[in-house]
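A.B. asks: Fold the following, please.
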Amino acid sequence: MPHPSFPPTLQKPGAPPSKRLKVGDTNTVDDPSSSTGRTARHLAKPTANTLTSDQHEILLRHRLSALTIHTLVSIPCAASPNVILQKACLATEINSHPLLPGEKALFSTLNAAATTIWPIALSTPTLAGHKAFLIAQNHPTGRSWLYIPRITPRDRTALGEESKHITSLIRRILRCAADLAALRHDGVTVRRALELSRSIAAGAWECDTHELQQVANIGPKKFEMLEAAGILTVRALADTEFYNIDRILKRNPPFGMNTVLLLKAFPRLLMKARFERWAANSDMPAIDALPEKVVRALAPGLRLAIVCVSVERGPRPESRRVFAGRRVAQGTVAPGASGAGDVEPGSRGELLFFHRVSTKCLMEADRDLVFPVAMTPGEAIFAWASCEEVVGTLVEMEVSAPEV
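C.D. replies: Numbers count the residues shown, from 1 in each chain. Got it, this is the predicted structure:
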């Protein structure tokens with residue numbers, strides 16, 4: 001049975017949700033307590049001294065242990081999302097949220113639930129990594145997983161509060177995994193790790209109909225009514241007339257108007273990427289001074305190109321922005337028409353540049369991002385950008401170099 005696609009990477013908007021892997025399938029996620037899952041833990045007492053200078057800088061940036069860095073470094077190139085999440089849940093910091101004996105029955109039920117697309121191999125979870133792994137992949141499906149059998153209202157409240165701390169920690173670990181993958185130019189792992197982090201932060205899978213869960217006052221019932229009307233994304237809802245929203249949801253005014261005004265604050269990224277020109281010798285001093293170095297080495301047949309990328313947010317209302325804290329965007333370029341997140345197995349998916357920036361700063365300064373890229377004449381590269389904590393904001397395009 002082929003591995004099911006992760007919603008943000010291999011599915012288009014409006015496609016049906018990924019089918020869940022059944023316990024016992026050959027592609028079921030390995031038990032983190034197995035020998036393959038504990039490879040990094042069997043290293044000879046990893047310390048900060050065993051890390052490279054770049055890895056140590058990432059360790060300090062994300063405030064993680066050296067053992068966690070070694071675990072994340074062991075993520076294979078072009079790793080699938082379930083492997084990335086599994087490795088993240090093996091971090092030492094996850095052990096601060098152990099799986100209590102009284103929670104084993106609850107998480108056994110959660111492991112067999114339909115919302116768990118990557119169940120662990122063991123029928124009964126036993127480790128803190130099992131607990132974090134199950135919570136992380138169920139969090140983007142909404143709060144329905146907190147209402148499964150074998151959980152009392154009292155335990156539901158406690159588990160809901162603990163899940164906030166666990167998902168916040170996992171997001172920090174996934175950001176670290178993306179930075180470590182960028183060191184080895186692994187564009188596939190970078191994009192998938194960021195998509196996982198973004199989905200967990202937003203509480204909805206990227207490119208899945210449940211992204212409407214981000215909108216205030218849109219619960220399960222209203223979601224079903226919008227889905228029946230063919231409105232599957234936040235952008236589609238924002239483009240719907242207010243009176244049609246009232247009609248579809250069977251609400252009285254001004255519900256539709258309030259929803260439209262609320263969604264005006266939803267970030268809409270506008271990206272333009274263009275090939276500027278081939279670099280000249282006079283450009284080299286400025287290129288060497290850039291903090292973002294050329295990722296791909298200048299091998300025979302490659303030329304240094306200047307690529308300009310501009311990322312802006314759409315119109316913002318004069319009133320308070322409900323998404324004001326989620327304005328950070330990422331941008332990356334990788335070769336291949338399918339892009340870093342959709343690269344098929346065996347494709348290169350090489351990361352050419354990666355940048356994290358505030359769109360507000362870019363717009364206020366009225367400037368573009370300029371990157372030196374080593375590429376061959378006629379080669380096409382793939383650019384994408386998205387907000388860090390909001391799904392449904394992904395924009396992507398292709399840039400081609402001239403033949404001469």
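A.B. asks: Which stretches in the stretch 301-404 of the chain count as strands?
C.D. replies: For the stretch 301-404 of the chain, applying DSSP state E, counting those that start in this stretch gives strands covering 303-313, 328-335, 353-358, 369-375, 380-387, 395-400.
A.B. asks: Sketch out the low-pLDDT regions of this protein for me.
C.D. replies: Of all residues in the chain, those with pLDDT under 70 make up the ranges 1-48, 209, 291-298, 313-348, 362-366.
A.B. asks: Break it into its domains for me.
C.D. replies: What automatic domain parsing lists as the domains of the chain is 7-202, 215-263, 269-400.
A.B. asks: Now render the ones you listed as CSV, adding distance to Asp208 and mean neighbour count.
C.D. replies: The C-beta positions use only the backbone N, C-alpha and C, and glycine is treated the same way. Formatted as CSV, the entries for the domains of the chain read as follows, by distance: least, CB to CB, whole Å; neighbours: other CB atoms under 10 Å:
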stretch, distance to Asp208, mean neighbour count
domain 7-202, 4, 18
domain 215-263, 9, 16
domain 269-400, 8, 17
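A.B. asks: give me the element Lys164 is part of.
C.D. replies: Counting by DSSP states H and E, the element that carries Lys164 is helix 153-183.
A.B. asks: which other helices and strands contact that helix?
C.D. replies: Counting contacts by 3 or more CB pairs under 8 Å, 6 or more residues apart in numbering; DSSP states H and E, the secondary-structure elements packed against helix 153-183 are helix 53-62, helix 66-73, helix 81-88, helix 128-138, helix 187-202.
A.B. asks: okay, those in CSV with distance to Leu110 next?
C.D. replies: Conversion of the helices and strands packed on helix 153-183 to CSV gives the following (distance: least, CB to CB, whole Å):
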stretch, distance to Leu110
helix 53-62, 28
helix 66-73, 24
helix 81-88, 15
helix 128-138, 5
helix 187-202, 16
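A.B. asks: closest to Lys164 out of these?
C.D. replies: helix 128-138 (9.9 Å; CB to CB).
A.B. asks: tell me the angle the closest one makes with helix 187-202.
C.D. replies: Interaxial angle of helix 128-138 relative to helix 187-202 (axes from the mean of the first three to the mean of the last three CA atoms, to 10 degrees): 80 degrees.
A.B. asks: now helix 128-138: how far from the chain's centre is it?
C.D. replies: Once both centres are worked out by CA atoms, centre = their mean, to the nearest Å, helix 128-138 turns out to sit 16 Å from its chain's centre.
A.B. asks: other SSEs contacting it?
C.D. replies: Secondary structure elements in contact with helix 128-138, counted by 3+ CB pairs under 8 Å, 6+ apart, are helix 81-88, helix 104-111, helix 153-183.
A.B. asks: again, 6 Å this time
C.D. replies: Where contact means 3 or more CB pairs under 6 Å, 6 or more residues apart in numbering; DSSP states H and E, helix 128-138 is packed against helix 153-183.
A.B. asks: Show me how far the helix holding Lys164 is from its chain's centre.
C.D. replies: Taking the mean of its C-alpha atoms, helix 153-183 sits 13 Å from the chain's own mean (CA atoms, centre = their mean).
A.B. asks: Repeat that for stretch 76-86.
C.D. replies: Mean-position distance between stretch 76-86 and its chain equals 12 Å (CA atoms, centre = their mean).
A.B. asks: do stretch 66-80 as well
C.D. replies: Its chain's C-alpha centre and that of stretch 66-80 lie 16 Å apart, by CA atoms, centre = their mean.
A.B. asks: Over to it now: how far is its first residue from its last?
C.D. replies: Using CA to CA, to the nearest Å, the gap from the first to the last residue of stretch 66-80 comes to 24 Å.
A.B. asks: What distance do you get for the residue nearest the centre of the chain to Ala216?
C.D. replies: Residue closest to the average C-alpha location in the chain (CA atoms, centre = their mean): Glu195, at 1.4 Å. Between Glu195 and Ala216 the computed distance is 24 Å (CB to CB, to the nearest Å).
A.B. asks: Run through who's touching stretch 267-283.
C.D. replies: Contacts of stretch 267-283 with the rest of the structure, by CB atoms under 6 Å, 6 or more residues apart in numbering, involve 303-306, 308-314, 323, 383, 385, 387, 390, 393, 395, 397, 399, 401.
A.B. asks: got the CA positions of stretch 120-130 in CSV?
C.D. replies: Only the C-alpha atoms of stretch 120-130 are listed here, as CSV (Å, rounded to 0.1, in the frame of the first residue of the first chain):
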residue,chain,number,x,y,z
ILE,A,120,2.3,4.0,15.9
ALA,A,121,3.1,0.3,15.5
LEU,A,122,2.4,-0.6,19.1
SER,A,123,-1.2,-1.0,20.0
THR,A,124,-0.6,0.5,23.4
PRO,A,125,1.4,3.8,23.5
THR,A,126,3.9,3.8,26.4
LEU,A,127,6.4,6.6,25.8
ALA,A,128,6.3,10.4,26.0
GLY,A,129,7.2,10.4,22.3
HIS,A,130,4.1,8.4,21.5
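A.B. asks: wait, is Leu122 part of a strand?
C.D. replies: No - counting by DSSP: H, G, I helix; E, B strand; the rest coil, Leu122 is not part of a strand but coil.
A.B. asks: Look up how far Ser108 lies from it.
C.D. replies: Distance from Leu122 to Ser108, counting by CB to CB: 9 Å.
A.B. asks: Show residues contacting stretch 81-99.
C.D. replies: Under the criterion CB under 6 Å, 6+ apart, residues 6, 29, 32, 65, 67-68, 71, 75, 118, 128-129, 131-133, 136, 166, 169-170, 173-174, 192-193, 196 lie in contact with stretch 81-99.
A.B. asks: what's the answer for stretch 216-223, then?
C.D. replies: By CB under 6 Å, 6+ apart, the list of residues contacting stretch 216-223 reads 212, 249.
A.B. asks: Now do the end-to-end distance for it.
C.D. replies: 11 Å.
A.B. asks: Please apply the same query to stretch 390-398.
C.D. replies: Criterion CA to CA; first-to-last residue distance in stretch 390-398 is 23 Å.
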